[in-house]
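S.K.: Structure of the sequence below:
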Amino acid sequence: MSDKAAEAAARLEQWKNAPLKAKRVTRFAALLGFIVLLRFLAAAYAGHLGWGRAVFYGIGQFVLFWLLGFSIQDRRYWSWWALLMLMLIQGFGALGQTMRLVRVIIEGALAKHGRDTLSDSLGMAQLILTIIILCFLFSREVWEHVRRSEPASPPLPPGN
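M.R.: Okay, here's the model as predicted:
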């Protein structure tokens, strides 16, 4: 077995042995990226954004969330901070859309704001998912997984 194949097998085994909460962060981050993509498309449908820009920004942020999620599972310390910052920045928009949706519901003008309601609902889903991911990110299990250094290589057999 070559060195690259052994290294790939060890890396795959490390991914499989990641803590459950780190795996959940990976899955939820990919889902959050998909919701952000849908939110951009809903904004284009409501007429707030052009379709080309919505697709470009949506796919870009989906890929970014997806990569950061997998980087958490791969023990990248910088990705923990990057995911946190990106979620906090995105969270302000999601909070604003949630507050707008609540205001529209209270006023009873939900039918009047049909296209905007779709975008605002996705913003609310994004806010809820962001809170869930933050709970997992700040758990001791994920923090220790990201902060832990690479596992020690097995000792070499005598004679090498």
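
S.K.: element containing the closest residue to residue 31 other than its chain neighbours?
M.R.: Counting by CB to CB, 6 or more residues apart in numbering, residue 31 lies nearest to residue 129, which is 6.5 Å off, once chain neighbours are set aside. (Glycine included, C-beta is placed from N, CA and C.) Remark: residue 129 resides in helix 114-137, with elements defined by DSSP states H and E.

S.K.: Report the buried residues of that helix.
M.R.: For helix 114-137, the neighbour count (16 or more other CB atoms under 10 Å) marks 116-127, 129-130, 133-134, 136-137 as buried.

S.K.: What ranges does the protein have for its helices?
M.R.: Counting by DSSP state H, the segments of the chain that form helices are 3-16, 20-45, 51-73, 77-107, 114-137, 140-147.

S.K.: Could you identify which of those has the lowest mean pLDDT?
M.R.: Among the helices of the chain, helix 3-16 has the lowest mean pLDDT, at a mean of 74.

S.K.: show me the contacts for the most centrally placed residue in the chain.
M.R.: Taking CA atoms, centre = their mean, the centroid of the chain lies closest to residue 29, which sits 2.1 Å from it. By CB atoms under 8 Å, 6 or more residues apart in numbering, the contact list for residue 29 reads 65, 66, 68, 69, 72, 83, 133.
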